[in-house]
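1. quick one: sequence plus predicted model below, questions after.
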Amino acid sequence: MGRLIVVSNRVPTPDKSGAQAGGLAVALQTALEARGGVWLGWSGNISEDAGLQVSKVGNIEYVLTDLTERDVDEYYRGFANRVLWPICHYRLDLAEYGRKEMAGYFRVNRFFADQLLPQIREDDIIWVHDYHLIPLAAELRKRGVTNRIGFFLHIPWPAPDVFYAMPVYEEILLNLASYDVVGFQTDTDRENFADSVTRQALGHRIDDTNFEMAGRRFVARSYPIGIETDKFARIAMRASISPIAKLMTESLGGKDLIIGVDRLDYSKGITQRIDAFERFLTKHTDIQRTVTLLQVTPKSRSDVPEYGAMQRALAEQAGRVNGGLGTVDWVPIRYVNRSLSRQGLAGLYRIAKAALVTPLRDGMNLVAKEYVASQNEDDPGVLILSRFAGAAHELSAALLVNPYDIEGTGDSIARALRMSLEERQERWRDMMSVLRRNDVFNWCSVYLADLAEGRALHDEATQAWTPARAS
Ligand code: GDG
């Protein structure tokens, strides 16, 4: 068995502070440890020094590189986060396309390919993560790499007409043919991808999962990502008696807690959620004062302009609702703009009667899964989940809502708070069995089995090719 090489924009190196790594990092580290391997990516630092920072922990070599200010501006803030991210989340209005940023994106992918090349051994398999690195396999193929290379997209693949709005869509799409396995979160994403390929006759579909494009055959399948279900459940059980959970319970003074946890991002539908909560409060006045919403929203990508503006708008919105409806002894919304510990979060999930997970679009949404795993089976809370989150494909026993329907979401909050214990338990058991069946370790091993064994008829097709430059 060859080694595993993982490439992602950021690399979660083992934390000396002892803080818990997220489920994805743990699963990939477990797979890397088992095979031995390399994890390569950006250090998160900006400098003009292109030297690699290599460290070895157990069986895993972490290879990090700094990027220059120009690289970060064009590749990361520019093309990845102001073109690919908004387009994949259906926000054409926010996509800021520029040739300089597009060129920077491809240049940094060439740079990563150059850094990776000397690390690769003949029988290694390579797993590339997310939208920052779509062209990486094509760059490696140009450098003669014939190893199995897989790609996993953590965010949605949009409907073809939305995707085609991106001026370099053809090049992005053709680049994916250099992978052997292209993984998506849901079948909807995979079908959107398939339609994007076939509607412009850029390639063709051989069967459900096998495709041919740019002279190569490859597999495209959905692999819904999971969490560390059992471990999260254990953490939550212990955390329910932790200081933060106790403090929260005391400060609620007998009121019910509803929780929302999201990185600050326009795709997460936080504005619409606060509107829906306000509508619930003003419409369902009989239970209005029995509940408090805790919205935990750590800042992210603050250097991308849309995110800074959103931070101010949300604080104002929460303040307006609190000012309009709150009383001296009741604050409807508690808005926390910083990160909490994983344990603290798990404890809060467990004491919350409901979670509002209402993204406008989301590849999967792990908060939905973490909330379910954290519940007490004797008295589980209710998950209110957007139909547009990838998680809704598996968690159909949640209360599914359309986040654009403010009144409908508001009514679902009331329904959640009034739901009988039997119904809550039935829904929870249904969701929990899905989460136990497909945890993050299962996700990782199913993907790697496809990548390592090669379901596709790929062997005859590992020929080098150069994607056409978009005019
Ligand atoms: C991308 C896709 C896909 C949040 N606040 C705190 C905190 N978090 C943790 C949550 C959860 C994670 O961050 C967020 O995961 P999501 O899945 O919701 O969202 P993205 O960051 O957008 O991730 C997404 C994911 O990739 C995986 O494929 O599901 O669709 O967009 O784990 O718990 N953690 C701590 N404190 C916080 O305040 N400790």
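-> Ah, there it is.

2. doesn't Tyr62 lie inside a strand?
-> Yes: under DSSP: H, G, I helix; E, B strand; the rest coil, Tyr62 sits within a strand.

3. quick check: it touching Ser8?
-> No: under the criterion of Cβ atoms under 8 Å, Tyr62 lies out of contact with Ser8, with a separation of 11.4 Å. Where you see a C-beta, it was placed from the backbone N, CA and C, and this is true even at glycine.

4. give me the common contacts of the two.
-> Common contacts of Tyr62 and Ser8, defined by Cβ atoms under 8 Å, 6 or more residues apart in numbering, comprise Trp39.

5. who are the contact partners of Asp439?
-> When the contact criterion is Cβ under 8 Å, 6+ apart, the partners of Asp439 are 226-230.

6. can you select the buried ones among those residues for me in PyMOL?
-> One line in PyMOL is enough to select the buried ones among these; burial here means 16 or more other Cβ atoms under 10 Å:
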select buried, resi 226+227+228+229
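
7. next, give me the two most distant ones among the contacts of Asp439.
-> Farthest pair in these (Cβ to Cβ) is Gly226 and Asp230. Separation: 11.1 Å.

8. and which of the contacts of Asp439 is nearest to the ligand?
-> Lowest distance from the ligand to the contacts of Asp439 (Cβ to the nearest ligand atom) belongs to Ile227, with 7.3 Å.

9. shouldn't the closest one be within a strand?
-> No: per three-state DSSP, Ile227 lies outside any strand segment and is coil.

10. so it sits right up against Asn438, yeah?
-> No: distance between Ile227 and Asn438: 9.6 Å, which falls outside the contact criterion (Cβ under 8 Å).

11. count of neighbours near the residue in the stretch 1-150 of the chain that the ligand sits nearest to?
-> Per Cβ to the nearest ligand atom, Gly22 is where the stretch 1-150 of the chain lies closest to the ligand, at 5.2 Å. Gly22 is flanked by 14 other residues according to other Cβ atoms under 10 Å.

12. check the secondary structure at the residue of the stretch 101-250 of the chain found nearest the ligand for me.
-> For the stretch 101-250 of the chain and the ligand, the shortest gap (Cβ to the nearest ligand atom) falls at His154, measuring 3.7 Å. In three-state terms, and counting by three-state DSSP, His154 is coil.

13. how much space between it and Val261?
-> 17 Å (Cβ to Cβ, to the nearest Å).

14. also Ala201?
-> Ala201 sits 43 Å away from Val261 when distances are taken as Cβ to Cβ.

15. just want to know which of those two has more residues nearby.
-> Val261 (24 against 7).

16. thinking the more buried one is in contact with Val367, fair?
-> Yes: taking contacts as Cβ under 8 Å, Val261 lies within contact range of Val367: 4.9 Å.

17. so Arg424, which state does it fall into?
-> When the structure is split into helix, strand and coil by three-state DSSP, Arg424 lands in helix.

18. what sits against it?
-> For Arg424, the contacting residues are 379-382, taking Cβ under 8 Å, 6+ apart as the criterion.

19. and the pLDDT at it?
-> At Arg424 the predicted local distance difference test score is 98.

20. one more: Lys353?
-> According to the predicted model, the pLDDT of Lys353 comes to 98.

21. could you check how far it is from the ligand?
-> 19 Å (Cβ to the nearest ligand atom, to the nearest Å).

22. and the closest residue to that residue other than its chain neighbours, what does it touch?
-> Beyond its immediate neighbours in the sequence, the residue positioned closest to Lys353 (Cβ to Cβ, 6 or more residues apart in numbering) is Asp256, lying 4.3 Å away. Applying Cβ under 8 Å, 6+ apart, we find Asp256 in contact with 290-292, 353-354, 417.

23. try 7 Å
-> Asp256 makes contact with 290-291, 353, 417, according to Cβ atoms under 7 Å, 6 or more residues apart in numbering.

24. likewise Asp187?
-> By Cβ under 7 Å, 6+ apart, Asp187 lies in contact with Ser222.

25. contacts for the lengthiest strand in the chain?
-> What stands out as the longest strand in the chain, according to DSSP state E, is strand 37-46. Applying Cβ under 7 Å, 6+ apart, the contact partners of strand 37-46 are 3-11, 32, 53, 60-69, 72, 115-116, 119.

26. which among the residues you listed end up buried?
-> The neighbour-count criterion (16+ other Cβ under 10 Å) marks 3-9, 11, 32, 60-68, 72, 115-116, 119 among the contacts of strand 37-46 as buried.

27. for the stretch 1-150 of the chain, which residues are neighbours of the ligand?
-> By Cβ under 6 Å from any ligand atom, the part of the stretch 1-150 of the chain that sits against the ligand consists of 22, 24.

28. what comes up buried for the longest strand of the chain?
-> In terms of neighbour count (16+ other Cβ under 10 Å), strand 37-46 has its buried residues at 37-43.

29. now these as TSV including pLDDT?
-> Conversion of the buried residues of strand 37-46 to TSV gives the following (pLDDT from 0 to 100):
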residue	pLDDT
Gly37	94
Val38	96
Trp39	95
Leu40	96
Gly41	96
Trp42	95
Ser43	93
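
30. would JSON lines of those with distance to Gln425 be doable?
-> Putting those into JSON lines (distance: Cβ to Cβ, whole Å) gives the following:
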{"residue": "Gly37", "distance to Gln425": "42"}
{"residue": "Val38", "distance to Gln425": "45"}
{"residue": "Trp39", "distance to Gln425": "41"}
{"residue": "Leu40", "distance to Gln425": "45"}
{"residue": "Gly41", "distance to Gln425": "42"}
{"residue": "Trp42", "distance to Gln425": "45"}
{"residue": "Ser43", "distance to Gln425": "46"}
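
31. quick revisit: what's downstream of the longest strand of the chain, the next helix or strand?
-> strand 52-57 (DSSP states H and E).

32. what average pLDDT does that following strand get?
-> The average of the pLDDT scores along strand 52-57 is 93.

33. in terms of secondary structure, what does it contact?
-> Using 3 or more Cβ pairs under 7 Å, 6 or more residues apart in numbering; DSSP states H and E, the elements in contact with strand 52-57 are strand 60-67.

34. run through the stretch 1-150 of the chain and note the low-pLDDT ranges.
-> Where the stretch 1-150 of the chain drops to pLDDT under 70, the residues are 15-21, 23.

35. hey, where'd the strands end up in it?
-> 4-10, 37-46, 52-57, 60-67, 125-129, 149-152 (DSSP state E, counting those that start in this stretch).

36. partners of the third one in the sheet?
-> Here the strand partners of strand 52-57, with direction, are listed using DSSP bridges: strand 60-67 (antiparallel).

37. how about residues contacting the strand it pairs with?
-> Applying Cβ under 7 Å, 6+ apart, the contact partners of strand 60-67 are 11, 13, 29, 32-33, 37-43, 45-47, 49-50, 52-55, 108, 115, 119.

38. cool, and stretch 221-235?
-> Residues from elsewhere that reach stretch 221-235 (Cβ under 7 Å, 6+ apart): 23-24, 26, 152, 183-187, 189-190, 209, 343, 346, 364, 366, 369-370, 373-374, 390, 393-394, 435-436, 438-440, 442-443, 446-447, 450.

39. that one vs the ligand: in contact?
-> Yes: judged by Cβ under 6 Å from any ligand atom, stretch 221-235 comes into contact with the ligand through Ile225.
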